[in-house]
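J.: Output the structure for:
(2 chains)
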Amino acid sequence: MVDAVMDGARGVGAVRKKSGMRRMMQRKSTIAFLMALPLILLIGLLVLYPAFYAVHLAMLNKSMERFVGLSNFTFLFKRETFWMVVRQSCIFALTAVFFKALIGFVVAHFVHNIPAKGQRKWRGILLIPWVIPPAMSTLAWLWLFDPSYSAFNWILGVFGFGPVPWTGDAYWARFSVILINVWYGAPFFLIMYLAALKSVPEQLYEAAAIDGANWWQRIWFVTLPMMRNIIAITVLFSTIVTFANFDIVQVLTAGGPVDKTHVFATWAFRLGIQGGDIPLGASVSLFMFPILAICAVFILRDIHRRGNEAS
Amino acid sequence: MTTADIAVSQGTPRRARYGSMSRDRRWALRWSYFFLVLFAVFFLCPPLYMLITSLKTSAEISAATNPWWIYHPTLSNYVELLTSSMYLTFFRNSALVSIFVVTITMIISVPAAFALARMKFWGSAMLATGVFLTYLVPDSLLFIPLFKMFAVFNEWTDIQLINKWWVLLIVYPTLTVPFCTWIMIGYFASIPKELDEAALMDGANYRQILFKIFIPVALPGLIAATIFAFTVSWAQFLYPLAFTTSPDQLVLPVGIITTLIKGDVFNWGQIMTGALLGAAPPLIIYAFLMDYYIAGLTAGATKG
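T.: All right, here's what the predicted structure looks like:
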């Protein structure tokens, strides 16, 4: 209102200025578009186009000369290995994300408990698994799990337990890849939850203590509701990344023993790049898309809600 | 007022319980330290074992002694790797790729983030959401179509992209640019509008606003984004494994895994040394710039 009155008062003198402003606004949006152009090109050419190209590829035959419709998919549906990969991917991702979140949550509380001046040091130490490139750290695990020289089996041997076939047996191998993924990802949750814990107002805990809440009730009625957003978003992010995980499984087992630990990414790599059947590999990797899309929708909703709360 | 009254009135009868509460606290503290040590052992065990193995000779590694102790420490693995031209090639390739990718990422994402945060244009809100969504697209969804695209590109233009280390300069930005743009949008948006309005009044153009105001003010965010871009391109494994094969074109993670592991003969001393040296650059950056690293992690909700 005030602005409008002011504009009216300034009247004729402002006209010249205004048209200048408009021209500048037009120029401004052009400049802005040009500044964002490399980004648009990158996303368009190297993310969007390949994503649609993958759909196209998935409908070609092995030599990529003929359009075969959905027969790659029906071929996959008939293969037992495919269903095993689907099951293993789900078990792998869900178990790993659950334990990452749980360990992250628990350890974040331990770090939060200790005096503030020691927290930085502990946080620094506990984030190290996240900093090491996963391909490198999985090599260390591979060596720790070595069939004949396993350092873990040596410790177990001291206590009189038999050697564990860490990567030789299908169930142990599945356990091992999940263990490494948890080891690698838990520190990330720890950092996120620690930051979230710090943002919970101390008064809420004091109020809960006055009401006579025990530690379990304090977590259930104060901590968890206050951290709900951050827990949701970290879990969704982690689900996407864990479903798409490649490094750990490829380095530790390369899908073995007998394809028992393959996830979508490693199996797609085996079929598409190593096996030379690009269309089949593309169809396998496309199965990650629905999971990704669902998580993305939830994350976007969450971010929009948070944006609305903030404003 | 009322809460204060309640607190005062309840103060005296509760006095007795404060003592027990501090005893509880002390125990909670002890248990916290106990479990923290336990988890630290779990988290640090693989890197420590890397270090232990890297200081052993092959003879000691295959001996039936305590694997967690070094009886005859030696630096021969380090000397051997750091004089091997192949390993140095991997290291150089990794360093070149990471430095170039960081540069490309910054050149693309900083102006784009500035445009998206401050200068609205048609579709800019949609583009910001799009940037965020592309950041969620994993490498394992794109490597097969990209592989085929590069092969087709080779047929059309006769430019060989596959099996050249610089093909990674084309594909890595798809991983780094969306995230860096996203967190830079966040940092730029938090700068008060009055600052650039004042500069506009004074007749500054957009380049001056970007370089003289936004980049200096958002420097912590810029450092966090740089660290992120560097660690992602240093650690990336799937793309180089799919796109490069000849030993002189490999980057470190792939190089160690494909050349040091020869058939069934595992030279674990050298593999662990190579892996530890390969993990060193991100670890060193982390050691010195931990706060920026963590700020970058928590700024945008990050992958994990």
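
J.: Please count neighbours and contacts with C-alpha atoms only from this point.
T.: Will do.

J.: In the stretch 51-200 of chain B, which residue sits nearest chain A?
T.: Going by Cα to the nearest Cα, chain A is nearest to B:Ala112 of the stretch 51-200 of chain B, at 4.2 Å.

J.: Which residues are in contact with that residue?
T.: Shown in contact with B:Ala112 (Cα atoms under 8 Å, 6 or more residues apart in numbering or on different chains): A:32, A:35-39, B:181.

J.: Also A:Val111?
T.: A:119, A:122-123, A:194, B:32, B:36.

J.: Can you add secondary structure and distance to A:Gln217 and give the residues you listed back as JSON lines?
T.: As requested, those are exported to JSON lines (DSSP: H, G, I helix; E, B strand; the rest coil; distance: Cα to Cα, whole Å):
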{"residue": "A:Gln119", "secondary structure": "helix", "distance to A:Gln217": "25"}
{"residue": "A:Trp122", "secondary structure": "helix", "distance to A:Gln217": "27"}
{"residue": "A:Arg123", "secondary structure": "helix", "distance to A:Gln217": "26"}
{"residue": "A:Leu194", "secondary structure": "helix", "distance to A:Gln217": "19"}
{"residue": "B:Ser32", "secondary structure": "helix", "distance to A:Gln217": "19"}
{"residue": "B:Leu36", "secondary structure": "helix", "distance to A:Gln217": "23"}
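
J.: Looking at these, which one is closest to A:Val164?
T.: B:Leu36 (26.6 Å; Cα to Cα).

J.: Neighbours of the residue in the stretch 1-150 of chain A that chain B sits nearest to, how many?
T.: The minimum distance from the stretch 1-150 of chain A to chain B, using Cα to the nearest Cα, falls at A:Ala36 (4.2 Å). Here the count is done by other Cα atoms under 10 Å in any protein chain shown, and A:Ala36 has 22 residues near it.

J.: mind listing what it touches?
T.: Counted by Cα under 8 Å, 6+ apart, A:Ala36 has contacts B:108, B:111-113, B:115-116.

J.: Am I right that A:Trp256 falls within a helix?
T.: Careful, residue A:256 is Gly; it's not Trp. No - applying DSSP: H, G, I helix; E, B strand; the rest coil, one finds A:Gly256 to be coil, outside a helix.

J.: hmm, back to that, among the contacts of A:Val111, which ones are buried?
T.: Using 16 or more other Cα atoms under 10 Å in any protein chain shown as the burial test, the contacts of A:Val111 include A:119, A:122-123, A:194, B:32, B:36 as buried.

J.: Next, format the contacts of A:Val111 as a markdown table and append pLDDT.
T.: Formatted as a markdown table, the contacts of A:Val111 follow (pLDDT from 0 to 100):
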| residue | pLDDT |
| --- | --- |
| A:Gln119 | 87 |
| A:Trp122 | 90 |
| A:Arg123 | 89 |
| A:Leu194 | 90 |
| B:Ser32 | 87 |
| B:Leu36 | 92 |
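
J.: tell me which of these is nearest to A:Gly104?
T.: The nearest one, if we look at the contacts of A:Val111 relative to A:Gly104 and count by Cα to Cα, is A:Leu194, at 8.6 Å.

J.: I'd say the closest one and A:His109 touch.
T.: Yes - in terms of Cα atoms under 8 Å, A:Leu194 counts as a neighbour of A:His109; the distance is 7.3 Å.

J.: so after the host helix or strand of B:Ala287, what's the next helix or strand?
T.: Assessed by DSSP states H and E, B:Ala287 sits inside helix B:268-288. Using DSSP H and E, the helix or strand that follows helix B:268-288 in sequence is helix B:290-299.

J.: Pull out the buried positions in that following helix.
T.: Residues of helix B:290-299 classed as buried by neighbour count (16+ other Cα under 10 Å): B:290, B:292-299.

J.: One more: stretch A:205-224?
T.: By 16+ other Cα under 10 Å, the buried positions in stretch A:205-224 come out as A:205, A:208, A:218, A:222-223.

J.: So is that stretch next to chain B?
T.: No - judged by Cα under 8 Å from any Cα of the partner chain, stretch A:205-224 makes no contact with chain B; its nearest approach is 9.2 Å.

J.: what's the straight distance from one end of that stretch to the other?
T.: Stretch A:205-224 has an end-to-end distance of 12 Å (Cα to Cα, to the nearest Å).

J.: so for it, what's the average pLDDT?
T.: Mean pLDDT, computed over stretch A:205-224, is 86.

J.: can you check stretch B:37-49 too?
T.: Mean per-residue pLDDT for stretch B:37-49: 93.

J.: got it, and stretch A:175-193?
T.: Across stretch A:175-193, pLDDT averages out at 93.

J.: In helices only, show me the contacts of A:Ala36.
T.: Counting by DSSP state H, the contacts of A:Ala36 place B:108, B:111-113, B:115-116 in helices.

J.: Closest to A:Ser71 out of the contacts of A:Val111?
T.: For these, the closest approach to A:Ser71 (Cα to Cα) belongs to A:Leu194, at 48.9 Å.

J.: The closest residue to that closest one other than its chain neighbours: what's it in contact with?
T.: With sequence-adjacent residues excluded and distances taken as Cα to Cα, 6 or more residues apart in numbering or on different chains, A:Leu194 is closest to A:Ala108, at 5.0 Å. Contacts for A:Ala108 (Cα under 8 Å, 6+ apart) come out as A:190-191, A:193-194, A:197.

J.: per-domain residue ranges of the chain.
T.: Reading this off chain A. Following automatic domain parsing, one gets these domains for chain A: A:2-57, A:71-310.

J.: Oops, wrong one, chain B.
T.: Using automatic domain parsing, the domain parsing of chain B gives B:16-48, B:79-299.

J.: Report all helices and strands that the helix or strand where B:Thr226 lies contacts.
T.: Secondary structure from DSSP H and E places B:Thr226 in helix B:219-235. Secondary-structure packing of helix B:219-235 (3 or more Cα pairs under 8 Å, 6 or more residues apart in numbering or on different chains; DSSP states H and E): helix B:85-118, helix B:173-189, helix B:268-288, helix B:290-299.

J.: Quick one: mean pLDDT for the one helix or strand the residue nearest to A:Leu194 maps to?
T.: Assigned by DSSP H and E, A:Ala108 belongs to helix A:80-113. Helix A:80-113 carries an average pLDDT of 92.

J.: again, but for stretch B:118-131
T.: Mean pLDDT, computed over stretch B:118-131, is 83.

J.: Show me the shaky parts of the chain.
T.: You didn't say which chain, so I picked chain A. Applying pLDDT under 70 to chain A flags residues A:1-26, A:306-311.

J.: try again with chain B
T.: Where chain B drops to pLDDT under 70, the residues are B:1-21, B:262-265, B:300-304.

J.: Point to the residue nearest the middle of it.
T.: Chain B has B:Thr231 as the residue nearest its centroid, 3.2 Å off, counting by Cα atoms, centre = their mean.

J.: pretty sure that residue is touching B:Pro282, no?
T.: Yes - at 6.0 Å, B:Thr231 and B:Pro282 qualify as touching, with contact defined as Cα under 8 Å.

J.: burial measure for the nearest residue to A:Ser89 once chain neighbours are set aside, as a count.
T.: Closest residue to A:Ser89 apart from its sequence neighbours, by Cα to Cα, 6+ apart: A:Val263 at 4.8 Å. For A:Val263, the neighbour count with other Cα under 10 Å is 32.

J.: Pull the contacting residues for A:Val263.
T.: Residues counted as contacts of A:Val263 (Cα under 8 Å, 6+ apart) are A:85-86, A:88-89, A:243, A:245-246, A:249, A:255.
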